[in-house]
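Asker: Dropping the sequence and predicted coords here.
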Amino acid sequence: MRGRPLCYVAVIFLLGAPTSSSALRPPPNQNPNIYEIVGDMSDVGVRRKRDSGQLPDNVVPSASPSDGANITTVFDLQDSHLHLMVHWAGRGSSIVFCLARDQGIDENSTSRFFISSDYGSTFKDVSSRMKLEDGKTATINKFFYHPDNHCYYVFTDVIHKMIFVTLDCGETIKPYTVDFVPNHVEFDKKTEPRFLIHERGNSNFTLYATENFGETFNVVGEFIKNFYIYHTEAETVLYVSRLEPTRTLTVLASTDFFKDPKNTKVVITGAEEFEIQEDFLFAVKNDTKRSGHKLLYVGRHDQRLTAGQFPESDLSFLTYYVVDVTEDGSIMLIASHNATYTNLYVSDVVAEHEVQFSLSLERIMHYAPKTTWRNSWLSSLLESTPDSEATFADFYKIAGLRGVYLASQLEQGVTESTIRPNNLTTLITFDAGSTWTSIDGPETDNLGHPLLGCYQENRKGCPKNWDPRTHLCNRVETKEKNCSLHIAQQMSRKYPSTRSIPVLTTPAAPGVVLATGSMGKKLNTRTNVFLSADAGVSWHQVLQGNYYYNIGDHGGVIVAVKYFKTEGYTNQLLYST
């Protein structure tokens, strides 16, 4: 029988704020600072051939990350699970959590839980601290952390209906048996003993709340599709969208978590969808006057929701996808009009009695399950993925700066059977979508050679062994018409033969952008790594091929490692300062 590979956890501390590789919201079931590492079963036969002696020895850090050191450590977990969830408790803490479990969770699944108290140099198996009532070890499928209290965690076992709560970073863990499946946990950051659990595995979709760190629970409501905890200076408001027998949603708001009906109000009825982003509430309803057309309602907390007005046209509005709410209160969203045509719109007016949008960019790449590209490879690839996680747009906000965004535009005439990453071109805006332009990329690659397909050299009269690095020789570079830099985003990340690495920026290093892309008239399947230090105004190619990358020390250090799927295996970590 073929053996399974052992898991190694490598921890790299890069001083600075956490970075994000996607401008889109994280999936609702995933904490944004818990990083999932999923093994690929197709690589098991290859991985097991690698001698563990090829891995570097564990490096014991001589300083903590708060001392300003960038530290890399490797530790052998002696574990064969293919799915890891790793989380650092945060600045000022030396605690690192690591959950190793099977990729699919069922009655035969197992898990192990490790804690490091020395920044990931060593890990201790603490699975025995989480026991079932019969004394067996629990099967932990996820863990959730409090946004402010870095030692407050809830671990869930959905198979045996148990939760485990710690308030001291795992030193003591209290078990609680519940009579529901604890699928998703959400903390009330203003009231520490309170958190909510949403049971999503049955038809009732029941929402539960605890006021005493999980000792007891009360039912908040049934048939809850989604919910949001909204904080003001004076109060905490819980919004829920409740599924009615008519298959529409009633959105309710309560200031006491639905304990007293007097403190509950109806926000909107007959909705198809509901969500909150920043200070805005969004709801979608069917247009009773126009079959198949949907209306978007927008409003702030404690204000009525108003139907948004879009430029007059014969287009149907089938879905809406909010991609950003800016600091000054502008809304950027994508609307799908048919299976292959989606546009980006930007708000001009957002008031209590008037909401107006204008067209910002046509043919932006956007996938909405069951609506756009439903007969393409995207639909087949994502058919088993929940709609909330499958939905995406090739739209990226440059972190730390106002008004700078990247977007992928589809060329005209693309059909569901022909859509590929090489149908995309990349545009950039510096004024929050008022104007979009192509990206003026570099003239040379990281070795100083003219970029093929974009810049050609006229070597007229040059010797046969002419070296461009030492002789000018009347060298003239000519740029191909319509040649620019194109950046891989979410669609390229999902395409089976590319699996490109997404764009990376961080608020801690404003203006620094790392991206995978290519120079040409459109995006190429063969990509390289490009860097901008001025928020996309100018670019340099820094690496050839595909790499994972990260930014640390407020932009003072950049690290990269080869992407093994396209570049092969490596034990080298590259860095630049």
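Answerer: Yes, it's here.
Asker: Could you use CA atoms for every contact and neighbour count after this?
Answerer: Fine.
Asker: And the closest residue to His198 other than its chain neighbours, how far from Phe223?
Answerer: Residue nearest to His198 in three dimensions, not counting chain neighbours: Leu207, with 4.6 Å by CA to CA, 6 or more residues apart in numbering. Leu207 is 8 Å from Phe223, where distance means CA to CA, to the nearest Å.
Asker: And these two? Which one has more around it.
Answerer: A count of neighbours by other CA atoms under 10 Å puts Leu207 above the other of Leu207 and Phe223, at 26 against 20.
Asker: List the beta-bridge partners for that one.
Answerer: Here Leu207 shows beta-bridge partners His198, Gly221, assigned using DSSP bridges.
Asker: Contacts only, for it.
Answerer: Residues counted as contacts of Leu207 (CA atoms under 8 Å, 6 or more residues apart in numbering) are 196-199, 219-222, 224.
Asker: Go again with 7 Å.
Answerer: Applying CA atoms under 7 Å, 6 or more residues apart in numbering to Leu207 gives the contacts 197-199, 219-222, 224.
Asker: If any of those residues are buried, put those into a PyMOL selection.
Answerer: For the buried members of the contacts of Leu207, the matching PyMOL selection, counting by 16 or more other CA atoms under 10 Å, is:
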select buried, resi 197+198+199+220+221+222+224
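Asker: Any chance of the contacts of Leu207 in TSV with pLDDT as columns?
Answerer: As requested, those are arranged in TSV below (pLDDT from 0 to 100):
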residue	pLDDT
Ile197	98
His198	97
Glu199	96
Val219	97
Val220	97
Gly221	96
Glu222	96
Ile224	97
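Asker: would CSV of the contacts of Leu207 with distance to Trp373 be doable?
Answerer: Below are the contacts of Leu207 laid out as CSV (distance: CA to CA, whole Å):
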residue, distance to Trp373
Ile197, 34
His198, 31
Glu199, 31
Val219, 39
Val220, 38
Gly221, 35
Glu222, 33
Ile224, 29
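Asker: Would you mind checking which of the contacts of Leu207 is nearest to Ala234?
Answerer: Nearest to Ala234 out of these is Val220 (CA to CA; 21.6 Å).
Asker: And the closest one, how close does it get to Val251?
Answerer: 14 Å.
Asker: gap between stretch 222-242 and the chain center?
Answerer: Centre-to-centre, stretch 222-242 and its host chain are 23 Å apart (CA atoms, centre = their mean, to the nearest Å).
Asker: Convert it to CSV, retaining C-alpha atoms only.
Answerer: The C-alpha trace of stretch 222-242 is given here as CSV (Å, rounded to 0.1, in the frame of the first residue of the first chain):
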residue,chain,number,x,y,z
GLU,A,222,-34.8,29.5,12.5
PHE,A,223,-34.5,29.5,8.7
ILE,A,224,-31.7,32.1,8.9
LYS,A,225,-30.0,32.4,5.6
ASN,A,226,-27.3,34.8,6.8
PHE,A,227,-26.7,37.2,9.6
TYR,A,228,-24.5,40.2,10.5
ILE,A,229,-23.4,41.8,13.8
TYR,A,230,-23.4,45.6,13.3
HIS,A,231,-21.8,47.8,16.0
THR,A,232,-22.5,51.5,16.6
GLU,A,233,-21.2,53.6,19.5
ALA,A,234,-24.4,53.2,21.4
GLU,A,235,-25.6,49.7,20.6
THR,A,236,-25.0,46.4,18.9
VAL,A,237,-27.5,45.4,16.2
LEU,A,238,-28.0,41.9,14.9
TYR,A,239,-29.4,41.7,11.3
VAL,A,240,-30.8,38.4,10.0
SER,A,241,-32.3,37.4,6.7
ARG,A,242,-35.1,34.8,7.4
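Asker: contact partners of that stretch?
Answerer: Contacting residues not belonging to stretch 222-242 are listed as 188, 204-207, 243, 249-255, 257, 274 [CA under 7 Å, 6+ apart].
Asker: And it, what's buried?
Answerer: 222-227, 229-230, 236-242.
Asker: same thing with stretch 349-366?
Answerer: Buried, per 16+ other CA under 10 Å, within stretch 349-366: 349-350, 355-358, 360-361, 363-366.
Asker: Just the ones of these in strands?
Answerer: Among the buried residues of stretch 349-366, the members falling in strands (DSSP state E) are 349-350, 355-358, 360-361, 366.
Asker: Using TSV, please lay out the residues you listed together with distance to Thr435.
Answerer: Shown next, in TSV, are these (distance: CA to CA, whole Å):
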residue	distance to Thr435
Val349	18
Val350	20
Val355	21
Gln356	18
Phe357	15
Ser358	12
Ser360	8
Leu361	9
His366	20
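Asker: I'd like the residues you listed written out as JSON lines, with pLDDT and distance to His87 added.
Answerer: What follows is these, written out as JSON lines (pLDDT from 0 to 100; distance: CA to CA, whole Å):
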{"residue": "Val349", "pLDDT": "95", "distance to His87": "41"}
{"residue": "Val350", "pLDDT": "94", "distance to His87": "39"}
{"residue": "Val355", "pLDDT": "97", "distance to His87": "41"}
{"residue": "Gln356", "pLDDT": "97", "distance to His87": "42"}
{"residue": "Phe357", "pLDDT": "98", "distance to His87": "40"}
{"residue": "Ser358", "pLDDT": "97", "distance to His87": "41"}
{"residue": "Ser360", "pLDDT": "98", "distance to His87": "38"}
{"residue": "Leu361", "pLDDT": "98", "distance to His87": "38"}
{"residue": "His366", "pLDDT": "98", "distance to His87": "31"}
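Asker: which one of these is nearest Asp118?
Answerer: Asp118 has its nearest neighbour among those in His366, at 43.0 Å by CA to CA.
Asker: Quick check: that closest one touching Ala390?
Answerer: No - contact criterion CA atoms under 7 Å: His366 and Ala390 do not qualify, at 10.7 Å.
Asker: backbone phi and psi for Thr427, please?
Answerer: Check again: residue 427 is Leu, not Thr. Main-chain dihedrals, Leu427, degrees, to the nearest 10: phi -120, psi 160.
Asker: check contacts around it.
Answerer: Counting by CA under 7 Å, 6+ apart, Leu427 has contacts 406-408, 436-439.
Asker: Quick check: closest non-adjacent residue to it.
Answerer: Ser438 is the one closest to Leu427 (CA to CA, 6+ apart), at 4.7 Å.
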